[in-house]
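Engineer: Quick one, structure for this:
(chains A and B)
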Amino acid sequence: MKKHVIFATITITAFASLFSPATLNSANLTSVKDTLQTSRLSWGARVEADGTAEGASNVQIQAAPAAPLNSTSTANLHAGDSILINSNSYTVVGIIDADEFTVTPVIVSGDADDGDPIYLEMKPQHVVTFDTSSAVADGFFQVLIPADATTPADGNIDDGGFDFDTGSIDVVATDTGNYDFVTGVATYSGNTGCTAPANYHCFEAHYSGNGGIGTSISFTIGNTTGTNSLIAPGEASAHTEATADTYSFIVKNFAASTDPNVATPIDQTTGKIALIEAVRVSATVDPTITFTIAGVGTGTSTCGATPDISTATGTNAPLAVPFGSMTLNTFKDLSHNLTVSTNASGGYVVTASEDDELGLGGATSPAIADTPGDNTLASDSVSDEWGTATNNGFGYSLENVDAAAINFEYTTATGNCTGTFCARQFANIAASDSPASLFSSTTVANSENAYVCYRLSVGATQQAGDYENQVTYTATGTF
Amino acid sequence: MKKLFTLTLILLTAYCTLHTAKPVLAQNVGLAISPPVVEVLLAPNKNIVQSFQLTNQGESTQFVANIHTITPTDSDGHSIIDPTPIDPTTIPLVITLANADRELGTPFTLSAHDSTQLVLSIEGASTDVSQDVYFALVITPTLNQNSSSTSIPGISSLILLTLTPDGALPIKLRVDGFDLPILHDSALPLPVPATITNSSDIMIRPTGTLIIYKTNQNISEEITISPNLVLAHSSRTITTLSESLIYRPTWYSFGPHQFELTIHSPGGSQITQVTKTVWLLPIRALITTILIAITTTTLLLSAKRRSGTNIN
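Structural biologist: Residues are numbered from 1 along each chain as shown, chains lettered A, B, ... in the order given. All right, here's what the predicted structure looks like:
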């Protein structure tokens, strides 16, 4: 009987305990993560005076780490990075090897001494997101970001956590559901209100509203521009290159009017942040310039008309300009398509010149003179309208397709040119003319092209025979 | 018999096609060279070699390489090449092709879509004075002459060389044409014209910044100037890295603004600084507002007069 009483008492007690479970003080916030704008470690090293000199651009770093600047390799440094040596700013121009790089401007006085600190400060924005697990009315969230134990807020790179910098840090939580946030507050590790746990910076966002269960909260610390943002840690003292340094961050949800330094949070979850060197991707693209002459068929309109003869077919095509048999006092038109590409930052220029006027059998005389134009004003630098075939001669005009700049076009009405067919003479080398610029660019160019439209007309007094000359087009890079 | 006839017919047909082959036509002739521009700093009696990669993008043909002098033609970095190959006695350099099988001025064959390397050897003459020499390696195809005019594509690579015995390069730069209006509408972009003139015998690649201050010395904008090369005794238009030098004020940028243009040497030393003041005012907005005010006032007065007339 006694045994039965004891057994029944135990059973009833155990059953009764199910109706009054103990209060659970801390549950887990779920889906907790801190997304960094960049997971790149800051970089901190020290100057090696043997390979660094005032007035030079070369910088050598020391081979042994000296905390908190533990970097002994240039692996995390890239061309274009803005760095500080002491308090002077420099831009990294190139990486020479594992312990040397170059900067601009040159090293100033006082920055080439052994042990001078070199800083590359990464200031990523933190976006902390999580889902609530309790509905806590009018409470607040606290995010704790790991800080260095010794100098957590001196504005320099630390090797034990994020540095608070010397100013303020922006904290913004986004209103959602039953959470109406006010502007967040940031306090650096060890400052009033941020003493426990030790070695964490504190970021709080208070809200009004009843809260909710399963509500997604987004909490940003710092800015994408790097202003009012935490400085990412440099390499930890026991860092292994290409292996991430990991840090723990904590997210807590407190009830209203509680002191987060001593109170127990309603919900709390710890997450991890991993930082690692950036991968330096490099490739070399050699500068080059490409120049092409293509023939133009009789079906393509150039300079306002279709050519009479194709330069795309026939003997020596496309380089020949085969006017063939001429009818007296009648124009004949032919065209070429000139194309230039260059990846040189300065661009290009295409010039043209003829070795001489069209000479009989290639001789100097007799010759078909270069065009005078309708107003006898045409030259290698001045355009003249040329629409009257009895004004005999050889000349050219241009039609821009997509060149960045062109010297003139057949439609460029200027001076005595009305813009129907503005023609010029080719620069004549035999007459000591300088080659004339046709078209150009002052930057990179992808297949920029223009049509050169040749025109010839001969008069009744022109001696019979085969006339020829040579026109040279030269593509030149811009310095 | 029938088989023999068929075979003969096939062979004849095949033979005939050999005589009616369509001519292969070159659609274009193209050349490429890398690098297109080379800058060289050379000491007297020293020798350097520079390789150039030449690519024939057309049919197999013969090419010839020559050295020509160049002349700057404008302030945008463009130049023209003297059509006649250089007279080697006129420059303080000895220039040769270091390729075992090629010489300057001698044709060489390059197959279709093939590349070759031209190695230029440049030796500086003995000199006590720093001086620049600008020339170009020009490659042109050699064509079979016939009774027709021809056009020849030439490709070139500029070689801009400073010959200096001690590396001490004089710098004589000044800013010209930095002319800004006294008044400017804040709603419109303001082009900032300026050129750098190099009066020395040596080319230089200066850097610089254009800083626009408001009167309280707050920096409104800082524009980095492109480090363009300025050849000896020539000028170069100042540009930014991507375009002409243009300041785009915000619509609320009113009052006097100081435009401070500073030019530095490649080493970072300040060479020259010029400052201009421009008053930015919402001129168009003011005119529009005044016109609207006058029109409104006129309409109101007119309406008032009509109202008074009706009452009478």
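Engineer: Going along the chain, name the helices of the chain.
Structural biologist: No chain specified, so I'll use chain A. Assigned by DSSP state H, the helices in chain A fall at A:2-17.
Engineer: nope, chain B
Structural biologist: Ranges of helices in chain B, per DSSP H, are B:2-19, B:283-311.
Engineer: lowest-confidence stretch among these?
Structural biologist: The minimum mean pLDDT among the helices of chain B belongs to helix B:2-19 (a mean of 62).
Engineer: Quick check, central residue of the chain?
Structural biologist: Going with chain A. Nearest to the geometric centre of chain A sits A:Gly80, at 10.5 Å (C-alpha atoms, centre = their mean).
Engineer: Chain B, not that one
Structural biologist: Central residue of chain B (C-alpha atoms, centre = their mean): B:Gly77, at 4.6 Å.
Engineer: Apart from its neighbours in sequence, what residue is nearest it?
Structural biologist: Spatial nearest neighbour of B:Gly77, chain neighbours left out: A:Thr478 (4.1 Å); criterion: C-beta to C-beta, 6 or more residues apart in numbering or on different chains. Placement of C-beta: from N, CA and C, glycine included.
Engineer: Repeat that for B:Pro206.
Structural biologist: Distance criterion C-beta to C-beta, 6+ apart; nearest residue to B:Pro206, sequence neighbours excluded, is B:Ile263 at 5.2 Å.
Engineer: so the one you found makes contact with B:Asp176?
Structural biologist: No: applying C-beta atoms under 8 Å, one finds B:Ile263 not in contact with B:Asp176, separated by 11.5 Å.
Engineer: between these two, who's got more neighbours?
Structural biologist: Neighbour count, other C-beta atoms under 10 Å in any protein chain shown: between B:Ile263 and B:Asp176, B:Ile263 has more, with 22 against 14.
Engineer: List the beta-bridge partners for that one.
Structural biologist: Using DSSP bridges, the bridge partners assigned to B:Ile263 are B:Gly208, B:Thr272.
Engineer: my guess is the residue nearest to B:Gly77 contacts A:Ala404, does it?
Structural biologist: No: at 10.9 Å, A:Thr478 and A:Ala404 do not qualify as touching, with contact defined as C-beta under 8 Å.
Engineer: Determine the residues that are contacts of both of the two.
Structural biologist: Residues touching both A:Thr478 and A:Ala404 (C-beta atoms under 8 Å, 6 or more residues apart in numbering or on different chains): A:Gly347, A:Ser440, A:Ser441, A:Thr442.
Engineer: gap between the residue nearest to the centre of chain A and A:Glu54?
Structural biologist: Per C-beta to C-beta, to the nearest Å, A:Gly80 is found 23 Å from A:Glu54.
Engineer: Read off the pLDDT value for A:Asn25.
Structural biologist: With respect to pLDDT, A:Asn25 has a value of 45.
Engineer: nope, A:Leu328 is what I meant
Structural biologist: Per-residue pLDDT puts A:Leu328 at 96.
Engineer: So A:Thr478 and A:Ala404 - more neighbours on which side?
Structural biologist: More crowded of A:Thr478 and A:Ala404, by other C-beta under 10 Å: A:Thr478, with 25 against 16.
Engineer: Now do the same contact list for the more buried one.
Structural biologist: Contacts for A:Thr478 were tallied using C-beta under 8 Å, 6+ apart; they are A:344, A:346-349, A:440-442, B:37, B:76-79.
Engineer: do that again at 6 Å, thanks
Structural biologist: The contact partners of A:Thr478, by C-beta atoms under 6 Å, 6 or more residues apart in numbering or on different chains, come to A:Gly346, A:Gly347, B:Gly77, B:His78.
Engineer: Same question for A:Cys194.
Structural biologist: A:Cys194 sits next to A:Thr187, A:Cys202 when contact means C-beta under 6 Å, 6+ apart.
Engineer: packing partners for the longest strand seen in chain B?
Structural biologist: Selection of the longest strand in chain B by residue count, based on DSSP state E, yields strand B:149-163. Applying 3 or more C-beta pairs under 6 Å, 6 or more residues apart in numbering or on different chains; DSSP states H and E, we find strand B:149-163 packed against strand A:289-295, strand A:320-321, strand A:470-477, strand B:28-34, strand B:37-42, strand B:131-142.
Engineer: Run through the residues of the stretch 351-479 of chain A sitting next to chain B.
Structural biologist: Contact residues, the stretch 351-479 of chain A versus chain B (C-beta under 6 Å from any C-beta of the partner chain): A:351, A:353, A:429, A:434-435, A:440, A:442, A:466, A:468-479.
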